[in-house]
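J.: how does the following fold in three dimensions:
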Amino acid sequence: MKCALITGGSRGIGKAICKQLAIDTDYHILINYNNNKEAALDTLKEVEAEGNTGDIIQFNVTDAEQVKTALDTWQENNKEATIEVIVNNAGITKDGLFMWMPQTDWQDVINTSLNGFFNVTNHLIQKMLRNRYGRIINIASVSGVKGTAGQTNYSAAKGALVAATKALAQEVAKRKITVNAVAPGFIKSDMTSELNEAELKNLIPINRFGEPEEVAHAVSFLASKKASYITGEVININGGIYS
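T.: As a prediction, this is how the structure comes out:
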């Protein structure tokens, strides 16, 4: 059984990615969630409605021991399974001006986006290297490419993720493992629900917020065999806001 693991897969962009991979691939979809089990089960229902299979798997990406235990337990129960695709999507925002930013807001955001990438990918990559195949896709952000005022912590985390993508891609390319990032702009989701779309869309050449599915299609392509000569790349999905 070949599998795709999506961290933070229960809602928003993560949910759209789970559903798109269920439509486009034969991968068994592993939906990671932290707290919201109901949302994860709802995503699983949508995966199954597309005629595919999946599991929900609970762990907090920031907790290395929890990540290891959850993934090892799952592997023990599914001895024939191989995780071929990792989508590092889990992320949080705690916006505010840097001069007033509490250290916890800095650390929490870095821990989720950047250390979460390390904890999950580092634990799984040796098996990918042994199998000589893999797809690692990191969900970055326009903030990590151009920087966004009021998001110094998030920009730092996502910018570091972009750099890590480019470095790791070079280390594992000979083993047919590609490592790429997608950098969404303003996408309709829980994370952007409090933003004023009517006002902000004027900043976007395409003049609207994006849909989660528009990110998911790019992730699905990068997860496929068709993308085997693309690695170390960052695909901006932002309606032209930064191009």
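
J.: okay, the most centrally placed residue in the chain: pLDDT?
T.: In the chain, the centroid-proximal residue (Cα atoms, centre = their mean) is N89; its distance is 1.9 Å. In this model, N89 is scored at 97, pLDDT.

J.: that one contacts G8, correct?
T.: Yes: under the criterion of Cβ atoms under 8 Å, N89 makes contact with G8 at 4.6 Å. For the C-beta atoms, the positions are set from N, CA and C on the backbone; glycine is no exception.

J.: what touches both of those two?
T.: Residues touching both N89 and G8 by Cβ atoms under 8 Å, 6 or more residues apart in numbering: G14.

J.: E48: which element?
T.: Here E48, judged by DSSP states H and E, is contained in helix 37-49.

J.: could you dump that helix to CSV, C-alpha only?
T.: Taking C-alpha atoms only, helix 37-49 is exported to CSV below (Å, rounded to 0.1, in the frame of the first residue of the first chain):
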residue,chain,number,x,y,z
LYS,A,37,-10.9,14.9,15.1
GLU,A,38,-14.4,15.8,13.7
ALA,A,39,-12.8,17.8,10.9
ALA,A,40,-10.3,15.0,10.1
LEU,A,41,-13.1,12.5,9.9
ASP,A,42,-15.1,14.8,7.6
THR,A,43,-12.0,15.0,5.3
LEU,A,44,-11.7,11.2,5.4
LYS,A,45,-15.4,11.0,4.3
GLU,A,46,-14.7,13.2,1.4
VAL,A,47,-11.6,11.1,0.4
GLU,A,48,-13.8,7.9,0.6
ALA,A,49,-16.5,9.6,-1.4
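
J.: in terms of secondary structure, what does it contact?
T.: Other elements packing on helix 37-49 under the criterion 3 or more Cβ pairs under 8 Å, 6 or more residues apart in numbering; DSSP states H and E are helix 12-24, strand 28-33, strand 54-58.

J.: what comes up buried for the longest one?
T.: For helix 12-24, burial by neighbour count (16 or more other Cβ atoms under 10 Å) applies to G12, I13, G14, K15, A16, I17, C18, K19, Q20, L21, A22, D24.

J.: contacting residues around stretch 29-44?
T.: By Cβ under 8 Å, 6+ apart, the residues outside stretch 29-44 that reach it are 3-11, 14-15, 18-19, 21-22, 47, 52-61, 74, 83, 90.

J.: got the end-to-end distance for it?
T.: End-to-end distance for stretch 29-44: 8 Å, by Cα to Cα, to the nearest Å.

J.: need the residues that contact the lowest-mean-pLDDT helix or strand in the chain.
T.: Among the helices and strands of the chain, helix 197-200 carries the lowest confidence by mean pLDDT, DSSP states H and E, at a mean of 75. The contact list for helix 197-200 (Cβ under 8 Å, 6+ apart) reads F186, K188, R208, F209.
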